[in-house]
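Sharing a model that was predicted from the sequence below.
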Amino acid sequence: MTADLHDWDLADPSETLAEIVSLVRPAVGDVVVAVVRRHDDGAHGVEDAMRVRRARPVPHPRQLPARSDREAQELVGEAARRLMAGRGDPHAWGGDRRHVLVTVVCRRGHLEPGAEETRWLHAWRDAPLDVPVVTGDVYTLTEEGWTGFMDRRTGATPSLTPDREAGA
């Protein structure tokens, strides 16, 4: 890791997101959580990923919710338990920084994080997690490419396949 990156940042988000897309093949409407292993040399590798649910439309895209809803909190908590099973040291709170959980919100539209991404970021913040893991960034993945919510990096690839809908 370089000094410019936080514990939750990915060294190469484009590469990591491409691995996630390859594993899960997400579609518009999917929300995906992946466990990413940080190696001593700063590189990252996706160890596993799962689709946690289809994203719900938000009535006003610019409206940012003050708190996440309980359903999203339960979904990220369950994803953390399932993805971290057998990984890391369960007694190393604050010490085991080898794994990062990354969330990918797959939707149509511009590469500007909005209410849906905020909802999942708040879900991680508010969920009662009982596993030793760093909760990473929430990424937006659209037909235009990707962007990170917190680190604000962006790229054209990977992107969603425009004709693939969730469940297809």
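Ah, there it is. Not measured: the values here are computed from a predicted model. Numbering: from 1, shown residues only.

Residue 14 is in what secondary structure piece?
Take DSSP states H and E as the rule and residue 14 turns out to sit in helix 13-24.

just how off-centre is that helix within its chain?
In this view, helix 13-24 has its centroid 11 Å away from the chain centroid, taken as Cα atoms, centre = their mean, to the nearest Å.

what about dumping the CA coordinates of the helix or strand that that helix is followed by to CSV?
Once the chain leaves helix 13-24, the next helix or strand it forms, by DSSP H and E, is strand 30-38. Once side chains and other backbone atoms are set aside, the C-alpha atoms of strand 30-38 remain, and they are given as CSV (Å, rounded to 0.1, in the frame of the first residue of the first chain):
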residue,chain,number,x,y,z
ASP,A,30,-27.5,-6.0,-8.7
VAL,A,31,-25.6,-5.2,-5.5
VAL,A,32,-22.5,-7.3,-5.1
VAL,A,33,-20.1,-7.7,-2.1
ALA,A,34,-16.6,-9.1,-2.6
VAL,A,35,-13.9,-10.0,-0.1
VAL,A,36,-10.5,-8.7,-1.4
ARG,A,37,-7.2,-9.9,0.1
ARG,A,38,-4.5,-7.4,0.5
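
Give me the contact list for the next helix or strand after strand 30-38.
In the C-terminal direction, the helix or strand that comes right after strand 30-38 (DSSP H and E) is strand 44-54. Strand 44-54 is contacted from outside by 10-12, 15-16, 19-20, 23-24, 26, 29-39, 75-76, 78-79, 82-83, 87, 99-100, 166-167, using Cβ atoms under 8 Å, 6 or more residues apart in numbering. The C-beta positions use only the backbone N, C-alpha and C, and glycine is treated the same way.

Sheet-wise, list the partners of strand 44-54 with their directions.
The partner list of strand 44-54 in its sheet, established with DSSP bridges, is strand 30-38 (antiparallel).

From the contact counts, what lies against the helix or strand hosting residue 120?
Per DSSP H and E, residue 120 falls inside helix 115-126. Under the contact criterion of 3 or more Cβ pairs under 8 Å, 6 or more residues apart in numbering; DSSP states H and E, the helices and strands touching helix 115-126 comprise helix 70-84, strand 99-106, strand 134-142.

buried set for the helix holding residue 14?
The neighbour-count criterion (16 or more other Cβ atoms under 10 Å) identifies 13, 16-21, 24 as the buried residues of helix 13-24.
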